[in-house]
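Chemist: here is a sequence with its predicted model. Questions after.
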Amino acid sequence: MCTLLSITGCPADDPDGQADSSSTGAPADSWSDAGNPTTTPDPSTDASSTSTDASSSGASSSGAAESSSSDTGAIDSGLELLVCSFNADAVHRFDLDDGSFLGELGPTDDLDGALGIVVGPDGDIYVASEESNLVLRFGGADGAFVSRFVSDDPRTRDVDESGGLSGPGAVLFGPDDALYVSSFDSDAILRYDGSTGAFIDVFVASGEGGLNGPDAGTVFGPDGNLYVPSYYSNAIARYDGTTGTSLGDFATDMLDAPRTVVFEGEHMYVANEGSSEVLRFDATTGDFVDVFVASGAGGLNGAAGMVFDPSGVLHVASVNNNRVLRFDSEGEPLETLIDGVATGVSAPTHITIAPAIGG
């Protein structure tokens, strides 16, 4: 999926891992006998805290921990904003309240093309590594690399333990506690055991309902169905949340390379990369309502990941200028707290909110 603004499509060398990019996997010698890499996490990324579940990049974060104020009046939400940096092969951590840079998850050499991200029900953090064709797991308490959660073991050449995953984008946990992963290159949604990462089945078959480029901002809606931004068909495709059967396109009006879906209140918000806008639709009917964030507002250039914080502020990854922007309840720009250039963010794709690591 395109990390650079693209209306006509993405050239093969764009940093997005779409159809022309091949999934190379990981070298066999990095595997332990248990099937996990032998890489030792860097103890310098340490710290411990009790982790709780936070919202995914596609879901509203309104249920996250409440903010509190110190004696100085400063807000202390106890939350971090995690930013997938595609070109930097990293997940950058920022204080949600003041935007201060807190470091990176890991380290691990397995991360290549960070895309989708979610905090799991166990409090750990799961990241889609599109170029290495992996879903990686990081500790929610210390941010250290834990394991390759979804992968194809290169030692078993006749078996694909990933179930045919090619270009992982979205990672999200469903109502059944399974992990759902979009396979961008094969236009499918795959399902895995939420505890072990073992492949269960193909939940949405390749191309089902016209799916073409299932992007990382996929989400289960308030009705329990699955909503998928179909990047190349310019639609929000809807699938039965139990069977994976197509229910048709939920929304198409004004869409141009949609990347993320967020349900909040009576509306469905869509990050529209092609027009650098955030669009708003009726959450029940899918009818277009309005342009919530105008093209270029606050410097928005290539809307990708987005998430609402507990105060109702909308955070949007601006993929083409390496920033994460903030907008109020009317879609007006707020002060920018995260300028990725100074912290090494390059092509920020998808974002989520998590409890403070080591807080």
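Modeler: Yes, it's here.

Chemist: quick one: low-confidence ranges for the stretch 1-150 of the chain?
Modeler: By pLDDT under 70, the weakly predicted segments of the stretch 1-150 of the chain are 1-74.

Chemist: how about the strands in it?
Modeler: Per DSSP state E, counting those that start in this stretch, the stretch 1-150 of the chain carries strands over the ranges 68-69, 75-76, 79-85, 90-95, 101-104, 114-119, 125-129, 134-138, 145-150.

Chemist: switch the ones you listed over to a markdown table; also include mean neighbour count and distance to V316.
Modeler: Any C-beta I mention is one placed from the backbone N, CA and C, and that applies to glycine too. Shown next, in a markdown table, are the strands of the stretch 1-150 of the chain (neighbours: other CB atoms under 10 Å; distance: least, CB to CB, whole Å):
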| stretch | mean neighbour count | distance to V316 |
| --- | --- | --- |
| strand 68-69 | 10 | 25 |
| strand 75-76 | 14 | 20 |
| strand 79-85 | 26 | 11 |
| strand 90-95 | 23 | 14 |
| strand 101-104 | 18 | 19 |
| strand 114-119 | 29 | 15 |
| strand 125-129 | 28 | 19 |
| strand 134-138 | 26 | 23 |
| strand 145-150 | 24 | 27 |
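
Chemist: want to try JSON lines for these, with distance to S183 as columns?
Modeler: Output for these, formatted as JSON lines (distance: least, CB to CB, whole Å):
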{"stretch": "strand 68-69", "distance to S183": "41"}
{"stretch": "strand 75-76", "distance to S183": "39"}
{"stretch": "strand 79-85", "distance to S183": "17"}
{"stretch": "strand 90-95", "distance to S183": "21"}
{"stretch": "strand 101-104", "distance to S183": "26"}
{"stretch": "strand 114-119", "distance to S183": "12"}
{"stretch": "strand 125-129", "distance to S183": "10"}
{"stretch": "strand 134-138", "distance to S183": "11"}
{"stretch": "strand 145-150", "distance to S183": "11"}
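
Chemist: tell me which of those sits nearest to G224.
Modeler: strand 114-119 (17.6 Å; CB to CB).

Chemist: tell me which of the strands of the stretch 1-150 of the chain lies nearest to V293.
Modeler: Closest among the strands of the stretch 1-150 of the chain, using CB to CB: strand 79-85, at 17.5 Å.

Chemist: alright, calling it a day.
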